[in-house]
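**Student:** would you be able to build a 3D model of this:
(one chain, ligands or ions: 1)
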Amino acid sequence: MTSTDATAAGQGRAGVWNLPNVLTMIRIALVPFFVWFLVADAPGLHSTSGPWRWAAVAAFAVAIYTDKLDGDIARSRNLVTDFGKIADPIADKLLIGSALVMLSLLGELPWWATVVILVREWGITALRFFVIRYGVIPASRGGKLKTVVQTAAIFLYLLPLGAFAPWMSLVAFAVMMAAVAITLWTGVEYVVEALRLRARGKRQAGTEGREQA
Ligand SMILES: O=P(O)(O)OC[C@H](O)CO
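**Tutor:** Now for the predicted structure:
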């Protein structure tokens, strides 16, 4: 969804307890299970690539599916809410953040990639709250693409197929680098959007102040 679409959609009066928002909450609830499965697979933080790892892959896949589903339902049934516009990216960040931290803890992903992505993700979340009095910054098309590429990269990292296909780790790394690049680029776009929103809000407040005087 673009910012413009979202600004319009944000006027929707759908309640918080609608299906897309419940799916978003289910996604958040799946995160501890996902982490627990990864830990259960890796005594002493050494992955055994056993059934618990596959359970983690499945939990991640289900969580990602709820992300697609809630967006589709929200748009098709006009159930876009301001709560959803804030909670949906937060749910994504919790899932993706926990996956990245766990992969780094397991020694499978360089910490720098995790840190770069997390700083951008939570920085933009904080920015959304800083400018919320001027309006909501919803996920942009680039933000959605970034989440898809991050998800694909994490999925490739999670799949315990290294023993059968050693080239998989190269592919996973290449996709993760693409994810890092798009993450940074869209971060810059959101900063520009936040500055515009703030400037517009201040201009409007100035005009209203003059009209009342
Ligand atoms: O890049 P953000 O912060 O807008 O997040 C995008 C969402 O995760 C897409 O669902």
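
**Student:** and the gap between the residue of the chain at minimum distance from the ligand and residue 35?
**Tutor:** The nearest approach of the chain to the ligand comes at residue 143, 3.0 Å away (C-beta to the nearest ligand atom). C-beta here means a position set from N, CA and C on the backbone, and glycine is covered the same way. The spacing between residue 143 and residue 35, counted by C-beta to C-beta, to the nearest Å, is 24 Å.

**Student:** which one's more surrounded, these two?
**Tutor:** Neighbours of residue 143 and residue 35, each counted by other C-beta atoms under 10 Å, are more numerous for residue 143; the result is 21 against 18.

**Student:** check contacts around the closest residue to that one other than its chain neighbours.
**Tutor:** Nearest non-adjacent residue to residue 143, counting by C-beta to C-beta, 6 or more residues apart in numbering: residue 186, 5.2 Å away. For residue 186, the contacting residues are 140, 142-143, 145-146, by C-beta atoms under 8 Å, 6 or more residues apart in numbering.

**Student:** and those residues as CSV, adding secondary structure and pLDDT?
**Tutor:** Output for the contacts of residue 186, formatted as CSV (DSSP: H, G, I helix; E, B strand; the rest coil; pLDDT from 0 to 100):
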residue, secondary structure, pLDDT
140, coil, 91
142, helix, 96
143, helix, 93
145, helix, 95
146, helix, 96
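
**Student:** any of those buried? List them.
**Tutor:** 140, 142-143, 146 (16 or more other C-beta atoms under 10 Å).
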